[in-house]
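Novice: My questions are about this predicted structure, shown below with the sequence.
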Amino acid sequence: MDSNEKINNLSKIIENSEKIVFFGGAGVSTESGIPDFRSANGIYNQKTKNLISPEEIVSHTYFINHTEEFYNFYREHLIFKNAKPNNCHIGLKKLEDMGKLKAIITQNIDGLHQKAGSENVLELHGSVYRNFCTRCRKSYGIETIIDNEGIPRCECGGIIKPDVVLYEEPLNRAIMNLSIDYISNCETLIIGGTSLMVNPASSLIQYFNGKNLILINKSETPYDYMANLVINKPIGEVFSQILDL
């Protein structure tokens, strides 16, 4: 089946589906200029001044023990305040407005789905736009992080932490349970921009009991064999074709 046939098939599936759920990863935002994590130019392949791996830097242990160094890396590599939604984000908003898309489940922390206007967004790994004091739990916006150098501190003196899930930290159980519920009850599950290599997020695919499993990713995934349709193209490009964006 060639690329055009696959696009036509996807269009027909979407046209005939009333309960769609979208599950996306870092590849959803690369077309907005935000790097992914594991590709050659990804965040985890960036050189750091102290030669510590980026994966170690974004761990809970490193945040606690080397908070200022964590924030130096975090501000430079994980905040993209000026990034704009691409055709994937815009297309999903269009599907939501049509009443077809019931939920977006995302591993991204960039808030681009909300910028595009989507309302039911489940953020598995949190958001750079939310921050909180580790002492008194007061909430802070992204400007508090951007406008301060070094370690941002609360009025009470406590250290402010981004509301993002670092390595060694558990995912929010309520959001995971809600994600499982949406995936278990949808008719069509579209997975895009993710290699499906990272648990526990990738394990969500096991809860799908519906009719159509669609995988859209530039490279192969371990779950391609399970899918009704696999499209190896940039996801924004795919959405622009099927929804005439």
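Specialist: Perfect, thanks for sending it. Residues are numbered from 1 along each chain as shown.
Novice: Low-confidence stretches in the protein?
Specialist: Where the chain drops to pLDDT under 70, the residues are 37-51, 245.
Novice: Show me the strands in this structure, by range?
Specialist: Under the criterion DSSP state E, the chain carries strands at the ranges 20-24, 101-106, 121-123, 126-133, 139-140, 160-164, 188-192, 212-216, 229-231.
Novice: Distance to Ile146 for these - can I get that in a markdown table?
Specialist: Yep, even glycine has a C-beta here, placed from its N, CA and C like the rest. Output for these, formatted as a markdown table (distance: least, C-beta to C-beta, whole Å):
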| stretch | distance to Ile146 |
| --- | --- |
| strand 20-24 | 25 |
| strand 101-106 | 22 |
| strand 121-123 | 19 |
| strand 126-133 | 10 |
| strand 139-140 | 11 |
| strand 160-164 | 11 |
| strand 188-192 | 29 |
| strand 212-216 | 32 |
| strand 229-231 | 36 |
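Novice: Report the contact partners of the residue nearest the centre of the chain.
Specialist: The centre of the chain sits closest to Asn108, judged by C-alpha atoms, centre = their mean, with a distance of 2.2 Å. Applying C-beta atoms under 8 Å, 6 or more residues apart in numbering, one finds that Asn108 lies in contact with Gly24, Gly25, Ala26, Val28, Ser29, Glu123, His125.
Novice: how much space between the nearest residue to Gln107 once chain neighbours are set aside and Asn8?
Specialist: Residue nearest to Gln107 in three dimensions, not counting chain neighbours: Gly25, with 4.7 Å by C-beta to C-beta, 6 or more residues apart in numbering. Relative to Asn8, Gly25 is positioned 25 Å away (C-beta to C-beta, to the nearest Å).
Novice: again, but for Gln114
Specialist: Gln114 is 31 Å from Asn8, by C-beta to C-beta.
Novice: before we move on, back to that, from the contacts of Asn108, which single one is nearest Ile214?
Specialist: Among the contacts of Asn108, Gly24 lies closest to Ile214 (C-beta to C-beta), at 11.8 Å.
Novice: from what I can see that closest one touches Gln107, true?
Specialist: Yes: the criterion here is C-beta atoms under 8 Å, and Gly24 meets it with Gln107 at 7.0 Å.
Novice: Show me which of the two is the more surrounded one.
Specialist: A side-by-side neighbour count of Gly24 and Gln107, using other C-beta atoms under 10 Å, places Gly24 first with 24 against 21.
Novice: So what sits opposite that one in the bridge?
Specialist: Judged by DSSP bridges, the bridge partners of Gly24 are Thr106, Gly192.
Novice: In contact with it, which residues?
Specialist: Cys88, Ile104, Ile105, Thr106, Gln107, Asn108, Ile191, Gly192, Gly193, Thr194, Ile235.
Novice: which among the residues you listed end up buried?
Specialist: Cys88, Ile104, Ile105, Thr106, Gln107, Asn108, Ile191, Gly192, Gly193, Thr194, Ile235 (16 or more other C-beta atoms under 10 Å).
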